[in-house]
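Novice: Below are the sequence and a predicted model; questions follow.
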Amino acid sequence: MKAWRFYGFGDLRLDDIPEPVCQPGHVVVKPLCVQPSVTEAQLAFGIPTLAYDRVKARLDAEAPIQLFGHEFCARIVEVGEGVSGYSVGDRVAARAKLPCGNCPLCRNERSTLCRQGPVIGFDQPGCFSELALLPEIALVKVDDRISDSVAACLQSLSDSVAAVETAQIQIADTVVIFGQGSMGLECLQIARISGAGQIITVDVREEACAASRELGADHALNARTCDVVSTIRELTGGNGADVVFECAGGSPRQGLAGHQTLLDALVSVRSGGKIIGVSWFGGSVMLPIDLFRERSLRYLFPDISTREHLRHTVQLVASGRVRLEHTITHVLHGIEAVPEAFEITASKGKYQAINPAQVVF
């Protein structure tokens with residue numbers, strides 16, 4: 001089969017490799033639609049972010065290797081021994097992080113908290129190939145009401161569900177969301193159906209602000225044309241927001257905000273409020289920690305998304321409570337288009353993309 005393999009950072013080649021052999025507890029799938037996550041797109045070009053050292057070590061020791069491709073919709077073409085509940089022809093999406101099965105958490109029926117297991121696309125091949133081998137424990141079925149393209153977004157949406165769950169939003173809480181890329185727009189919609197009151201969003205791109213308004217933001221602020229912090233203060237009666245999601249931080253080389261939006265979040269949240277850190281920064285960040293202490297702020301990080309989160313996303317999208325079609329701006333066709341999808345996703349501002357670029361196989 002054809003599969004994309006990395007020979008190093010920035011060196012991606014379409015190779016002919018053996019087809020995967022189905023194993024017990026696994027299925028073989030044919031990818032239908034795949035998108036690189038923003039993290040994967042940064043790592044593809046060697047930009048430090050989550051798992052950089054882990055990926056670099058694998059490239060140094062094992063290249064060429066299959067990497068990335070954990071955000072996908074695929075159809076099952078073969079079912080391994082012991083698999084129950086899945087059949088040939090089923091469309092599936094998958095949870096990326098898998099339990100190890102051996103650690104104390106896994107042995108005590110808390111495997112959803114395990115961080116020791118492999119990650120699809122990082123430790124084992126993802127779906128940037130004509131066929132892929134996936135463990136049953138990662139899978140959920142895709143509802144017939146959901147298109148292949150939207151289904152490829154479900155894994156990202158499950159992380160956003162976990163982020164909003166971590167925030168424990170109370171009825172009528174004022175919510176601010178910095179960054180209106182795919183996860184920011186997802187957090188917006190999930191916060192809305194989770195009881196949020198006024199929702200204020202922030203981005204530097206007008207196309208992202210427009211999508212935000214269409215998907216339910218009460219105020220979508222363009223940080224290039226207004227003083228965001230003072231406007232948020234004005235809209236909240238001088239108090240600041242109850243909950244702030246920081247979804248814009250990361251490498252400025254990719255058009256992200258560095259850590260400035262985290263500093264803005266710090267002064268946009270009310271005393272005693274919560275900041276939910278969704279972004280990955282790729283390095284250390286210096287923060288005025290005494291201000292967190294003096295204002296009794298809570299800086300929280302999303303819980304790991306589970307298979308149950310992923311199943312919930314299927315219901316949210318199938319029922320129309322969350323809409324993802326508006327965020328999908330770039331759809332490419334054919335396995336040969338994968339490098340272009342990485343390029344667009346790594347530089348979304350340049351290409352006016354919101355969701356990662358998708359490839360329909």
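Specialist: Structure's in. What do you need?

Novice: Can you pull the poorly scored residue ranges out of the protein?
Specialist: 253-254 (pLDDT under 70).

Novice: Show me where this structure has its helices.
Specialist: Taking DSSP state H as the criterion, the chain contains helices spanning 38-44, 52-62, 104-107, 148-151, 154-167, 182-193, 206-214, 228-235, 260-268, 289-294, 307-318, 338-346, 348-351.

Novice: Can you give the contact residues for the longest one?
Specialist: The one in question is helix 154-167. 37, 70-73, 93-96, 140, 142, 146, 182-183, 186-187, 190-191, 194, 243, 245, 274, 276, 278, 300-306, 309-310, 312-314, 316-317, 322, 324 (Cβ atoms under 8 Å, 6 or more residues apart in numbering). Using the backbone N, CA and C atoms, a C-beta is placed for each residue, glycine as well.

Novice: sorry, back to before: please name whichever of the helices of the chain is nearest to Pro20.
Specialist: helix 52-62 (17.1 Å; Cβ to Cβ).

Novice: buried set for the closest one?
Specialist: For helix 52-62, burial by neighbour count (16 or more other Cβ atoms under 10 Å) applies to 52, 55, 58-59.

Novice: and the residue lying closest to Val92 once chain neighbours are set aside, how far is that from Pro118?
Specialist: Distance criterion Cβ to Cβ, 6 or more residues apart in numbering; nearest residue to Val92, sequence neighbours excluded, is Leu139 at 4.6 Å. Using Cβ to Cβ, to the nearest Å, one obtains 15 Å as the distance from Leu139 to Pro118.

Novice: ditto for His70
Specialist: Distance from His70 to Pro118, by Cβ to Cβ: 11 Å.

Novice: If you count surrounding residues, which of the two has more?
Specialist: Counted by other Cβ atoms under 10 Å, His70 and Pro118 do not tie: His70 has more neighbours, with 27 against 15.

Novice: quick one, what contacts that one?
Specialist: So His70 contacts 37, 40, 94, 96, 119-122, 126-127, 155 (Cβ under 8 Å, 6+ apart).

Novice: does Leu14 really touch Lys2, like I thought?
Specialist: Yes - Leu14 lies in contact with Lys2 (Cβ atoms under 8 Å); the separation is 5.7 Å.

Novice: which residues are in contact with both of those two?
Specialist: With Cβ under 8 Å, 6+ apart, Leu14 and Lys2 have common neighbours Ile335.

Novice: buried set for stretch 67-84?
Specialist: Result for stretch 67-84 [16+ other Cβ under 10 Å]: buried residues 67-76, 78-80, 83.

Novice: tell me which of those is nearest to Asp203?
Specialist: Nearest to Asp203 out of the buried residues of stretch 67-84 is Glu71 (Cβ to Cβ; 21.4 Å).

Novice: Return the residues in contact with that closest one.
Specialist: With the criterion set at Cβ under 8 Å, 6+ apart, Glu71 makes contact with 34-37, 152-153, 155-156, 356.
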